[in-house]
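*Asks:* here is a sequence with its predicted model. Questions after.
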Amino acid sequence: MLSIRGIYTGKEIKPLENVHALPNVRVIITFLDDEADHIEPNTEKWESYAQKTPTEVFLDKCKGWEDTRSPEEIITEIYASRTSAERKVQLF
């Protein structure tokens, strides 16, 4: 079984990687709902998107962490929000 990335142009499916398979084999095509669905094919943005790995696409969507607090303030808040639970559990 082989999986490759590709783009559906509205008329055909174009592989973004070399296909090393015999012709006339059965395939399963899965359409992913991602940014590529909203990019016009054969444009500069489309070419840029096509070169990215799935991890790069994911990180682009996540953006970065934005916060006005210092790391120390964030850590202090995390520790302050923790609660202790007195559980009487025996593991062994």
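*Replies:* Received the coordinates, thanks.

*Asks:* tell me which residue lies nearest the centroid of the protein.
*Replies:* Residue closest to the average C-alpha location in the chain (C-alpha atoms, centre = their mean): F58, at 2.9 Å.

*Asks:* tell me the contacts of that residue?
*Replies:* If a contact means C-beta atoms under 8 Å, 6 or more residues apart in numbering, then F58 has no contacts. From N, CA and C alone the C-beta is placed, and that goes for glycine too.

*Asks:* quick one: it is in a strand?
*Replies:* No - according to DSSP: H, G, I helix; E, B strand; the rest coil, F58 belongs to no strand; its state is helix.

*Asks:* give me the distance between R69 and I78.
*Replies:* Counting by C-beta to C-beta, to the nearest Å, the gap from R69 to I78 is 11 Å.

*Asks:* report the rounded mean pLDDT for the longest helix along the chain.
*Replies:* Counting residues, the longest helix found in the chain (DSSP state H) is helix 71-81. On average, the pLDDT along helix 71-81 is 90.

*Asks:* and the contacts of it?
*Replies:* With C-beta under 8 Å, 6+ apart as the criterion, helix 71-81 contacts 67, 69.

*Asks:* can I get that helix in CSV, CA atoms only?
*Replies:* Presented in CSV, the C-alpha positions along helix 71-81 are these (Å, rounded to 0.1, in the frame of the first residue of the first chain):
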residue,chain,number,x,y,z
PRO,A,71,7.2,32.6,31.6
GLU,A,72,7.6,32.9,35.3
GLU,A,73,4.1,34.4,35.6
ILE,A,74,2.6,31.6,33.6
ILE,A,75,4.3,28.9,35.7
THR,A,76,3.1,30.6,38.9
GLU,A,77,-0.5,30.6,37.6
ILE,A,78,-0.3,27.0,36.6
TYR,A,79,1.0,26.0,40.1
ALA,A,80,-1.6,28.2,41.8
SER,A,81,-4.5,26.6,39.8
